[in-house]
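Participant: Model the following, please.
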Amino acid sequence: MALRKERVFIFSDVNIFLVWFVVIGFVNGNIYVSFKPIKKVEALAVDGGRVLYAGDRAIVESIVKMLGGSIVDLAGKTVLPGFIDSHIHIDELGMYLNMLDLRNVRSVDELKKRLEEYSKRVETLWILGFGWDQELFKEKRWPNRWDLDDVVSDRPVMLLRICMHVAVLNSRAMKITEVESLESSNVVRDEKGIAIGVVKENVLEYVKKKIRDSLSIEDYKKYLLDATRFIASQGITTAGFIGCSEKALKALIELWSEKKLPIRVRVYLDASSSLNVIDMVREAGLRKSFGDDYLRIMGFRIHADGSLGARTAWLSKPYSDDPSTNGRPDIDIRDLRAVAKKVHDAGLQLAIHGIGDKAIDMILDVYQELRDVVKARHRIEHASVVRPDQIDKIAKLGIALSLHPHFIISDWWAKQRLGDERIKWLYPFKTIAEKNTAIGFGSDSPVEPANPWLAIYAATTRGIYDNIPHALDTKDEKLSIQEALHIHTYGSAYIMHEEQNLGTLEKEKLADFIVVDKDPLSIEEKELKNIKVLKTYISGKQV
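Facilitator: Okay, here's the model as predicted:
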């Protein structure tokens, strides 16, 4: 299609340059252009995938009429900038969409029953599941290899805990991966020294790598496509792919080259499992934001500690419900310092997983040694247990935070882990925001649901309507609906260096938006989780 000659149209005080294809006008809507400040209009004109004009309906209709474009009647529905998820595991989400779902299972017996039913339906070599939480079990214990052997003994089984930092294997899986022979505290053993099938952290990563190595590029392409389509259905238009492996990257690039990606993806490669990838990327001369509007390589993810659920998050003092441990680091500070410097010097962005306050101390020490942290927008992922002095230091250093609100509700047992004093340090969103720290929201899906409305609900209610024990202890950390929406759109765009293109529907930005069934600023906060996404648009096209 031939491009039109450049023309300039002046409507009121607005200069509009038209150099692209057919203009689409979206009219008769309740359209939020931005949330900080709140700006609403009734119509949008989209040209070449970007917002040409946001404002009066009459002007949009005039633009469309002059250029022979088309009109979409929004029928009074509410339109928002697309949600941006700064931290999501796209490949694992795709796998889990095809796995046995064990969320909200209430006993070991129920887990075994679901496993038995699922094993009869699938013919895959490995039987995989996720989502169990021993805190919900009536038995109040870990599931073990013998539980799984009772149901499946002829095929390897791996069932991941909801936090994805712990899994249980059956005996067949243990034999294939040889984990029983590993001398590691992350292979859980009984009082006789026999491995019970539960593995954690680096041992679990070793097992997961064994499984991933058995997958083909075509397998990965299916998982990534399933996941990105699902993500789009949730109203997420850009996703920060955290912990992307080499094989997943190859599959992603193939989908991108085939123009099959339904959403925009920003890649943070996994530095923890393959340090040579850093050298490969650096030697190739790749820098932050290498790629196009659909696919960009941003940097690397590094794990500094584990999870609160598994008591592997590294705390400065022992766990209140298990004084024998305060968790542990997943990486030595010397190694973290070396890897972080290598990534930083390569002009790439760091995203370091830190949940416990002791792990965050280590990350801050490393970031303090780097130059231009503000410009690089190096990140801490999760920042779950943060002391007031650390919040001040984060703000002073200009570190960006990728926060995950739904953990406020799913970590309902957190007060048991942390006790009365430290519970006030749990996900202190309001205090962090008041320091003008750069914040973005992410789901950490499939650990948590990908649905952004559940994140907005958690950030604004702190679980008060769900009888979460720490809701009252942390009530002062509630965000307003406006603040939460701003963070999950513009905020997430900013911490991924995308604020010039994404996060609002201002002129010249990419026309990524969603249509929803209710105006989030016109309903009670407890109704936020019930909002439904009706349509998702990327570059003005419904996906």
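Participant: Low-confidence stretches in the chain?
Facilitator: 1-21, 273-275 (pLDDT under 70).
Participant: ok, 50 please
Facilitator: Within the chain, the segments meeting pLDDT under 50 span 1-20.
Participant: Which stretches in the stretch 51-200 of the chain count as strands?
Facilitator: In the stretch 51-200 of the chain, the strands defined using DSSP state E, counting those that start in this stretch lie at 70-73, 78-81, 83-88, 100-101, 127-132, 157-161, 166-169, 187-189, 195-200.
Participant: Same question for the stretch 251-400 of the chain.
Facilitator: Under DSSP E, counting those that start in this stretch, the stretch 251-400 of the chain gives strands at 264-270, 290-291, 295-303, 349-354, 379-382, 400-403.
Participant: got those as TSV, with mean neighbour count columns?
Facilitator: C-beta: built from backbone N, CA, C; applies to glycine. Below are the strands of the stretch 251-400 of the chain laid out as TSV (neighbours: other Cβ atoms under 10 Å):
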stretch	mean neighbour count
strand 264-270	25
strand 290-291	16
strand 295-303	25
strand 349-354	28
strand 379-382	28
strand 400-403	27
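Participant: Residue 166: which of these is closest?
Facilitator: Comparing the strands of the stretch 251-400 of the chain against residue 166 with Cβ to Cβ, the closest turns out to be strand 295-303 (14.1 Å).
Participant: domains for the chain, by residue range?
Facilitator: What automatic domain parsing lists as the domains of the chain is 7-76, 90-213, 217-503.
Participant: hey, which of those domains is tucked in deepest?
Facilitator: Among those, domain 217-503 has the highest mean neighbour count (mean count of other Cβ atoms under 10 Å), at a mean of 21.
Participant: roughly how far is it from the heart of the chain?
Facilitator: Offset of domain 217-503 from its chain centre (Cα atoms, centre = their mean, to the nearest Å): 7 Å.
Participant: how long is that domain end to end?
Facilitator: This stretch, domain 217-503, spans 32 Å end to end (Cα to Cα, to the nearest Å).
Participant: I'd like the numbering to begin with 124 instead of 1 from here.
Facilitator: Will do, 124 is the new start, and the previous item becomes domain 340-626.
Participant: Just send the strands of the stretch 374-523 of the chain back as a markdown table, with distance to residue 268 too.
Facilitator: Supplementary listing: the strands of the stretch 374-523 of the chain in a markdown table, determined by distance: least, Cβ to Cβ, whole Å:
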| stretch | distance to residue 268 |
| --- | --- |
| strand 387-393 | 28 |
| strand 413-414 | 43 |
| strand 418-426 | 26 |
| strand 472-477 | 28 |
| strand 502-505 | 30 |
| strand 523-526 | 35 |
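Participant: Out of these, which gets nearest to residue 535?
Facilitator: Per Cβ to Cβ, nearest to residue 535 of the strands of the stretch 374-523 of the chain: strand 502-505, 16.9 Å.
Participant: Please name the strands paired to that closest one in the sheet, noting orientation.
Facilitator: Using DSSP bridges, the strands paired with strand 502-505 are strand 472-477 (parallel), strand 523-526 (parallel).
Participant: So which of these is nearest residue 488?
Facilitator: Across the strands paired with strand 502-505, closest to residue 488 is strand 472-477 (Cβ to Cβ), at 11.4 Å.
Participant: re earlier: nearest to residue 367 among the strands paired with strand 502-505 would be which one?
Facilitator: Proximity to residue 367 (Cβ to Cβ) singles out strand 472-477 among the strands paired with strand 502-505, at 11.0 Å.
Participant: what inclination does that closest one have with respect to strand 206-211?
Facilitator: 70 degrees (axes from the mean of the first three to the mean of the last three Cα atoms, to 10 degrees).
Participant: how close does residue 187 get to residue 665?
Facilitator: Relative to residue 665, residue 187 is positioned 17 Å away (Cβ to Cβ, to the nearest Å).
Participant: re earlier: would you mind giving the domains of the chain as CSV with distance to residue 646 added?
Facilitator: Converted to CSV, those look like this (distance: least, Cβ to Cβ, whole Å):
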stretch, distance to residue 646
domain 130-199, 13
domain 213-336, 26
domain 340-626, 9
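Participant: quick one: which of the ones you listed is nearest residue 650?
Facilitator: Using Cβ to Cβ, those put domain 340-626 closest to residue 650, at 8.7 Å.
Participant: Tell me who's in contact with the spatially closest residue to residue 642 that is not a sequence neighbour.
Facilitator: Spatial nearest neighbour of residue 642, chain neighbours left out: residue 201 (4.6 Å); criterion: Cβ to Cβ, 6 or more residues apart in numbering. Taking Cβ atoms under 8 Å, 6 or more residues apart in numbering as the criterion, residue 201 is in contact with 152-155, 638-643.
Participant: Just the ones of those in strands?
Facilitator: Judged by DSSP state E, strands contain the following of those: 153-155, 638-639.
Participant: Tell me the one of those residues nearest residue 569?
Facilitator: residue 639 (23.1 Å).
Participant: Can you report how many residues lie near the closest one?
Facilitator: Using other Cβ atoms under 10 Å, residue 639 has 18 neighbouring residues.
Participant: pretty sure it is touching residue 659, no?
Facilitator: No - contact criterion Cβ atoms under 8 Å: residue 639 and residue 659 do not qualify, at 10.1 Å.
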